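**Student:** need a 3D model of the sequence below.
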Amino acid sequence: MIGDLTVSAATSLRDALDRIERAGMGVAFVVDDDAKLRGVVTDGDVRRGLLTGVSLDGAVSAVMTRDCVSLPVWSDAATIFARLSDAVRAIPLVDEAGRLVDYASQRRHHHIPVAEPSLTGREFEYVSECFRTNWISSQGPFVTRFEQDFAAYVGAAPAQTLTTANGTVALHLALTALGIGPGDEVIVPTLTFAASAAAVIHAGAAPVLADVEPDSWCLDPDAVEALITPRTKALMPVHLYGQPAAMDRLLDIAARHGLKVVEDAAEALGAFHRDRHVGVLGDAGAFSFFGNKLITTGEGGMVLFKDPAVAARARRLRDHGMDPERRYWHLDVGFNYRLTNLQAAVGVAQMERIEELAARKLWIAARYREAFADIPGLILPAETPHARNIYWTFSLLLDEARLGMSRDAFAARLKLAGVETRPLFFPLHVMPAYAQFGGGRAFPVAERLSASGLSLPSAVSLQEREIAYIAEVVGRLRQPQPDGVGQGGETP
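**Tutor:** Coordinates of the predicted model:
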């Protein structure tokens, strides 16, 4: 509401700062009794006034800017955006009589999302080819080509690389093809997206939830060792937010106990553990191509297998359990987990740009690290020498005591400035659908990470000026308040 951003010239600086703080815009508009715009006052104006001896009980008129930028309320978006900048964060919009009617801001006119697809290659051309040739369902040349291109990038065998309808069914297909089912247990990190555990349950097995490492945020090998029983048949490391799990130790544990390893690499295309791509290290690896992933097919997934015989079984199960040599003859009760040629066409176009897209993710992470290196209260993701984090989303932790506000209040302030964020996943053991698989155990690391973690805009389309803007917004939130005015711990 525009009223939440307005003050009069007689308003005290204390009350004006409170209004500015609550609105989260860094500015308030000064109007007279007829709602005519008389100027603006920013948090910076107030602080400069205090430094020159103006009291917090003094009037806004002592520090306000009278000659401010304003625009007619009928101005188009292009005109508005041309006037917005780091220095001009909000522009009052006035009617023909000069009355304040509305305002423009980065938040209203330049929303920065956490993720969005980049479809600037040959996607449309290849999809159009599908229509021209009538190959639009799950059979067609783009399906095979997508599997081959993907296998070449990650270092897998093309014959053991299968497209699927999405990343969740890729996990389910992997578990089923490996023979994991009723009576079996699969150790899964509690800090992950629900699909990891859901796939285990759909396979008929039971997920056994384990805590995660404080630095990698991935499956803790020490926790795994303590959870292995005679029923344990597999481990499911999740390369969370693009960070590779501790695969050396996990693979060693699996080998010593005769366990399968199914990697959930849904968020980790482009990530490497030592010199090998994640997803090819275990017995199977699953990837997702949802719209927020590094490459997308809208929905879609890929599953890789180490054993050719298991891959052949998975290919048959994916296609209704049908004998590939005898049409309509079913050897298994299978599934319809196939990707369409239309989706694969998009995937092929995306794979043509995979190196560019991966490099962009790394560039974004480097820019964020530079921007936030010296901001107290922001804990940047750890970097390990044996792994290349692809930073699916650039996610960090907040130290609320040092930051001066809660994680949710911090996110709310960013939202007011047009910056979308996402909290880290809830641990599975705290949610009704999965609580029983926690076994009443404590998960202190996962709970701490989940409560304090936040993902920032990480789309490959993110521009340097947008990162600078996000850093400037965060910097404003970190500025110390004058005596008598607190930041508060919650969003108004």
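**Student:** okay, now the domains of this protein?
**Tutor:** 2-109, 123-351, 356-478 (automatic domain parsing).
**Student:** JSON lines for the ones you listed, including distance to Pro117, mean neighbour count and mean pLDDT?
**Tutor:** C-beta coordinates here come from the backbone N, C-alpha and C atoms, glycine included. Below are the domains of the chain laid out as JSON lines (distance: least, Cβ to Cβ, whole Å; neighbours: other Cβ atoms under 10 Å; pLDDT from 0 to 100):
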{"stretch": "domain 2-109", "distance to Pro117": "22", "mean neighbour count": "17", "mean pLDDT": "85"}
{"stretch": "domain 123-351", "distance to Pro117": "5", "mean neighbour count": "21", "mean pLDDT": "97"}
{"stretch": "domain 356-478", "distance to Pro117": "8", "mean neighbour count": "18", "mean pLDDT": "93"}
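**Student:** so which of the ones you listed gets nearest Glu116?
**Tutor:** For Glu116, the closest of those is domain 356-478, at 4.6 Å, according to Cβ to Cβ.
**Student:** where along the stretch 201-350 of the chain do the strands fall?
**Tutor:** 206-210, 232-235, 260-264, 272-273, 276-277, 284-288, 301-305 (DSSP state E, counting those that start in this stretch).
**Student:** and the helices in the stretch 351-492 of the chain?
**Tutor:** Assigned helices in the stretch 351-492 of the chain, in chain order: 354-372, 400-403, 407-416, 444-452, 464-478 (criterion: DSSP state H, counting those that start in this stretch).
**Student:** output these in TSV; the columns should cover distance to Ile136.
**Tutor:** Listed next are those as TSV, based on distance: least, Cβ to Cβ, whole Å:
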stretch	distance to Ile136
helix 354-372	24
helix 400-403	51
helix 407-416	40
helix 444-452	41
helix 464-478	37
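**Student:** quick one: closest of the ones you listed to Val261.
**Tutor:** helix 444-452 (20.5 Å).
**Student:** who does that closest one touch, helix- and strand-wise?
**Tutor:** strand 395-398 (3 or more Cβ pairs under 8 Å, 6 or more residues apart in numbering; DSSP states H and E).
**Student:** if we go to 6 Å?
**Tutor:** Taking 3 or more Cβ pairs under 6 Å, 6 or more residues apart in numbering; DSSP states H and E as contact, there are no helices or strands that helix 444-452 lies on.
**Student:** can you tell me what sits against that helix?
**Tutor:** 190-191, 211-212, 214, 217, 397-398, 407, 424, 426-427 (Cβ atoms under 6 Å, 6 or more residues apart in numbering).
**Student:** also stretch 342-349?
**Tutor:** Residues from elsewhere that reach stretch 342-349 (Cβ under 6 Å, 6+ apart): 121-123, 126-127, 130, 136, 142-143, 145-146, 297, 300.
**Student:** and those residues, which two are furthest apart?
**Tutor:** By the measure Cβ to Cβ, Gly121 and Ile136 form the most distant pair in those, at 19.9 Å.
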